[in-house]
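> Quick one, what's the 3D model for this:
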Amino acid sequence: MGEVKSSKPKTNKLSYVGPNEQTCVTRYCEDIKLNRIERVETDHTDSILCIHFVGSNYIATGSKDTTINVYSLDGRKIRYLKGHQAAICCLAFVKGPSGDLLASGSDNGCGSVILWDIKSWQMSSKIQAHEAAVTSIVDLSDGRHIATGSYDKKINIFSMTRNQRMLSLNNRTSVTGMVMTLDKSRLVASGLDKSVSVWAIVRKNGVLIGLLRSWRMWSVRGSYPTKSWSASSSPPSSGTRSCSAPAETAL
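Numbering: from 1, shown residues only. The predicted structure is shown next:
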């Protein structure tokens, strides 16, 4: 997607952005120039809240208009998906028990997760996942389970084979995002109160059997996390906040 140049940085700075704002220069790699090759004009009727690659051939967009559009990399619209009754807050590419899936999570007022079969683009299953906005979905890489995070302060584990919730964890604050470490041993969740929670993933023969909280810390005013979470602390309440609301309105 980009043109790589062999020239070396001509500055003592560790990194800088070129005057055309398309060239990033750093000491640690060769200069990279990014060229926009396509601009996709969508037909969503409201703001796009999330975007995700689906395999290597498609891009999915989730919108405040409650729909998901799927596009090819050259901008052709492939599918229009409708199944949620609220804005689409998050998308994820999931390896399911019988094939690849697109997972979508919806806003407050719906709180559902839908798994879409990317071969037929039909709804594979729909789960009433949370009591507030679903902000993140993580494939736990065992072909059977996904983790979902929400503003209802819960991290839920769902079985894709049984189509039901297997485990619900109290995160003590609204979950704004989640990732899994590359070695698949930890699930990390960020919170609305500037906290980070780390959960150890317990597996047997590669299949998830549980999660254990490892540690929790939080930062103030953007500094590095220094304060341990106390059970007596009171995290801010998210109420019925929407995933599309500005962050400063949440606390």
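> quick one, strands of the stretch 151-251 of the chain?
Here the stretch 151-251 of the chain has its strands, by DSSP state E, counting those that start in this stretch, at 154-159, 164-170, 175-180, 186-191, 195-204, 207-218, 227-228.
> Show me what the second one pairs with in its sheet, parallel or antiparallel.
Taking DSSP bridges as the criterion, strand 164-170 sits next to strand 154-159 (antiparallel) in its sheet.
> Output the below-cut-off pLDDT ranges for the stretch 1-150 of the chain.
1-40 (pLDDT under 70).
> Bridged to the closest residue to Ile127 other than its chain neighbours, which residues?
Spatial nearest neighbour of Ile127, excluding adjacent residues (CB to CB, 6 or more residues apart in numbering): Val113 at 4.7 Å. Any C-beta I mention is one placed from the backbone N, CA and C, and that applies to glycine too. Beta-bridge partners recorded for Val113 (DSSP bridges): Gly105, Ile127.
> ok so, going back, and the strands of the stretch 151-251 of the chain: which comes nearest Lys64?
Closest approach to Lys64 among the strands of the stretch 151-251 of the chain is made by strand 175-180 (17.4 Å; CB to CB).
> List the contacts of that closest one.
135-141, 147, 149-151, 153-155, 186-192, 201 (CB atoms under 8 Å, 6 or more residues apart in numbering).
> So how do I select the buried members of those in ChimeraX?
A single ChimeraX command is used to select the members of the contacts of strand 175-180 judged buried by 16 or more other CB atoms under 10 Å:
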select :135,136,137,138,139,140,141,147,149,150,151,153,154,155,187,189,190,191,192,201
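> list the buried ones in stretch 176-185?
Residues of stretch 176-185 classed as buried: 176, 178, 180 (neighbour count, 16+ other CB under 10 Å).
> Nearest to Cys243 among those?
Nearest to Cys243 among these, with distances taken as CB to CB, is Thr176, at 9.0 Å.
> if I look at that closest one, how far off is Asn170?
Note on Thr176: its distance to Asn170, by CB to CB, to the nearest Å, is 16 Å.
> go on, Asp152?
Counting by CB to CB - Asp152 and Asn170 are separated by 10 Å.
> okay, those two: which has more neighbours?
Taking other CB atoms under 10 Å, Asp152 and Asn170 do not tie; Asp152 has more neighbours (21 against 9).
> Now do the same contact list for the residue nearest to Tyr58 when sequence neighbours are not counted.
Setting aside the residues directly before and after it, Tyr58 is nearest to Val70 in space (CB to CB, 6+ apart), at 5.3 Å. Going by CB under 8 Å, 6+ apart, Val70 touches 54, 58-60, 77-81, 102, 121.
> how would you label Val70: helix, strand or coil?
Val70 carries the three-state label strand when classified by DSSP: H, G, I helix; E, B strand; the rest coil.
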